[in-house]
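*Asks:* next comes the sequence, and after it the predicted model I'd like to discuss.
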Amino acid sequence: MFSIIRLLYFIVICYFLSLLYSYCFFLSFFPVVFIFLLSSSIFSAIDPPVSSWNCESISRYFVRVVSRQYRGPARVIKLAGNTQKYLTISQLRPATLYCVDMWFQTNEAFISPYTEQKCVTTPETEPPPPKNLSVKKRLSTSVVVSWEQPDDQRGNITKYRIIYWGKSAIAKGLEVKSSRYYNEYTITGLQPYNTYKLQVRSINGAGVGPSGEVLTFTTDQSLPGPVGMFKNTSRTFNSITLQWSPPDHPNGNILFYILSCRSANNAIGEKPQSGDDFKLPANVLSKTVTNLYPATEYDCSINASTSKGSGRTRQLIVWTKGRAPLTPHNPRILEKSENSVTVELKPRKDKDVSFYRLIVEKINDGYRSKRSLPPNIADVTADYYSALNSPDGCYVTAQFPPGNVRSPFVIGDNHTYSNYYNGPLLPDHVYNIWFGAFSTVDGAIQKSFSRTPAPLYMIRVDSVSPTSHVPVIIGVLVVFVFLVITFAILLMIWRRKHLTAEREKAEMPSFGPTILPEPDTSPPSTPIVILFLYFIRSLFLFTYNFFFHLHFLITFFLSFFQHVIFNFFILLQHVIFFVLSSTYLLSFYFSFFQHIIFFQHIIFFFSFLSAISPLLKFIC
């Protein structure tokens, strides 16, 4: 019983002691906590009232920091009781929710209750660059890059900024939205077979983060661009030399060039040549193409090739040189009059000729001292009317295509040939007739000329008035009528005498025996009508031959004296030139035989005498 009472006393004493302890504990107020948010730290001010200690002193403070976003043990910071009443908590993660509470311990080893938790989120800071940046797919003009979010985002990454640059060092940038973990983007508009550098930066509410690693990549090869330069450096009659430079945009490794030349137009009328293709190494930048036609237009093209194929071609039009045309035969004078001359033109068989020209040169010195081609002849383009006011007096009188040269051709026939007027020549002037062959190739003209061996002298022939023949005709008619009347009278007289003689013979008396006459075997006499018709026929033939030979005789004497005087001066002139210069020997002989034609008139004169000799006998 006593032990039970003692036990009850012990329990009561323990109860009162616990009440005393509880009284001291609960009389200790909660500490006051003020939390200030800094960049990556928390400033905590501790200021519990002294009246709440219920003890002599506070020996220690306990501050607990807990992150609600990241799992892990809480941080407990112990501070001495006599420390300053604030605390800066550092080394916190940006953009992270932290909760802070605390308690303290008195010198009597009593522990206060936990304060109410104060929660705060640290502000965002510039995010780090993404990780695992790489090229996922590479094409000739685009590339696919990928990256992952950084482990510590330091906030909410909303976008990424991609910066890339090539050889030009001018950077291009673009921003793309962020996905949660894995990001991928296709960059387009790149140059084939170019090296680029790339960076990716993260962007959150605090701004743009620093750049990370630099990714270097090269785009894939593609078809090359055209060559930079393509030109013709030299050409001959059957070859051309071409030169080029590599493409400005090779878009890869140039493996070879493909060159081709095909004829597009032929100035000499031959069938175009197909041409060949040449495959040239990448280090060869010129080529001489041979075995070509002269005076031919060629369409040449070249392109470069990479492993992806052949690129665009660059074209060039080139002409081979044309040969100088063969010199045509000298024009030969066939006939001439006062204002025109007929010449024989003989072109040579030459495929290089584009056209022929007949040029008239008026000379003032009678004969040119040299047979070299004067500059005014080689370059003459004037027509007939332009030459009338020109001091040199040279003009193109006709132009012919190579297959339609007119021969013989009359210079001065007042017609137009290929827009050139063939005007009359002027009397009392001296001319040279030039026959030129022209070859036109790619704007370049080559020409060769020939001319008449001797100058052409145009002589004025005085025209005879038509009324001057009237007296002659009248006189001839009078003579003709007189002869007819005379013949008729003579015929009548003869007929009358013949009839009288026959009548007298018939009236004569007969003596002696009758002698029978022998039969008359002579042909009967011609009737008078037949004799008259024969007379008229003979008279008509006589009149016709008389007038014909009279006209011929007059023409002969006029031409004879004209040629005698003219050839005398011509021969005299050539003799003088022959004495002065031996180079005119050939021309001298030619002119001599050319003008010897007047001897033909002597032959015609004797022919005239031979023709009228029967008539003279008949008259006599």
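*Replies:* Structure's in. What do you need?

*Asks:* just the helices from the stretch 351-500 of the chain, written as ranges.
*Replies:* Using DSSP state H, counting those that start in this stretch, the helices of the stretch 351-500 of the chain run over 375-378, 384-388, 470-507.

*Asks:* what of the chain?
*Replies:* Applying DSSP state H to the chain gives helices spanning 2-26, 375-378, 384-388, 470-507, 528-580, 585-594, 598-619.

*Asks:* which of the ones you listed has the lowest average pLDDT?
*Replies:* Set side by side, the helices of the chain give their lowest mean pLDDT on helix 585-594, at a mean of 45.

*Asks:* tell me how the chain divides into domains.
*Replies:* Segmentation of the chain into domains, based on automatic domain parsing, reads 16-121, 131-218, 230-319, 332-457, 541-620.

*Asks:* out of the ones you listed, the one nearest Leu490 is which?
*Replies:* Shortest distance between Leu490 and the domains of the chain, using CB to CB, is found for domain 541-620: 13.9 Å. To be clear about C-beta, it is placed using only N, CA and C from the backbone, and glycine gets the same treatment.

*Asks:* in stretch 312-332, which residues are buried?
*Replies:* Of the residues in stretch 312-332, those with enough neighbours to count as buried (16 or more other CB atoms under 10 Å) are 313-314, 316, 318-323, 325-326, 328, 330-331.

*Asks:* and the residues you listed, which is closest to Pro247?
*Replies:* Out of the buried residues of stretch 312-332, the member with the shortest distance to Pro247 (by CB to CB) is Arg314, at 9.2 Å.

*Asks:* residues contacting that closest one?
*Replies:* Applying CB atoms under 8 Å, 6 or more residues apart in numbering, one finds that Arg314 lies in contact with 226-227, 230, 244, 301-303.

*Asks:* take those and keep only those in strands.
*Replies:* Among the contacts of Arg314, DSSP state E puts 230, 244, 301-303 in strands.

*Asks:* need the residues you listed in CSV with distance to Thr115 and neighbour count, can you?
*Replies:* Output for the ones in strands among the contacts of Arg314, formatted as CSV (distance: CB to CB, whole Å; neighbours: other CB atoms under 10 Å):
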residue, distance to Thr115, neighbour count
Phe230, 88, 18
Trp244, 87, 22
Ser301, 90, 16
Ile302, 88, 21
Asn303, 84, 21
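
*Asks:* adding distance to Gly393 and pLDDT, write these out as JSON lines.
*Replies:* Supplementary listing: those in JSON lines, determined by distance: CB to CB, whole Å; pLDDT from 0 to 100:
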{"residue": "Phe230", "distance to Gly393": "49", "pLDDT": "93"}
{"residue": "Trp244", "distance to Gly393": "52", "pLDDT": "94"}
{"residue": "Ser301", "distance to Gly393": "51", "pLDDT": "93"}
{"residue": "Ile302", "distance to Gly393": "52", "pLDDT": "94"}
{"residue": "Asn303", "distance to Gly393": "57", "pLDDT": "94"}
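
*Asks:* which stretch among the domains of the chain comes nearest Val479?
*Replies:* Of all the domains of the chain, it is domain 541-620 that lies closest to Val479, at 9.5 Å by CB to CB.

*Asks:* show me where the stretch 351-500 of the chain dips below the pLDDT cut-off.
*Replies:* 365-376, 443, 461-478, 480-481 (pLDDT under 70).

*Asks:* one more time with 80
*Replies:* Under the criterion of pLDDT under 80, the regions of the stretch 351-500 of the chain flagged as low confidence span 351-352, 364-379, 389-393, 441-446, 458-488, 490-500.

*Asks:* which stretches of it form strands?
*Replies:* Chain-ordered strands for the stretch 351-500 of the chain, with DSSP state E, counting those that start in this stretch as the definition, fall at 355-363, 394-400, 409-411, 415-417, 420-422, 430-441, 444-451, 456-457.

*Asks:* can you count the residues close to Val479?
*Replies:* Val479 has 12 neighbours, counted by other CB atoms under 10 Å.

*Asks:* repeat that for Arg348.
*Replies:* Look at Arg348: counted by other CB under 10 Å, it has 13 neighbours.

*Asks:* could you do the one 3 residues further on as well?
*Replies:* Lys351 has 18 neighbours, counted by other CB under 10 Å.

*Asks:* and if you look at Ile240?
*Replies:* Each residue near Ile240 was counted by other CB under 10 Å, and the total is 23.

*Asks:* and for Ile89?
*Replies:* Other residues within reach of Ile89 by the criterion other CB under 10 Å amount to 18.

*Asks:* show me what it is bridged to.
*Replies:* Partner residues in beta bridges with Ile89, using DSSP bridges, are Ile42.

*Asks:* let me know the closest of the contacts of Arg314 to Asn404.
*Replies:* Lowest distance from Asn404 to those (CB to CB) belongs to Ser301, with 37.0 Å.

*Asks:* follow-up on the earlier one: turn the ones in strands among the contacts of Arg314 into JSON lines, columns for distance to Val343.
*Replies:* Shown next, in JSON lines, are those (distance: CB to CB, whole Å):
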{"residue": "Phe230", "distance to Val343": "50"}
{"residue": "Trp244", "distance to Val343": "52"}
{"residue": "Ser301", "distance to Val343": "49"}
{"residue": "Ile302", "distance to Val343": "52"}
{"residue": "Asn303", "distance to Val343": "56"}
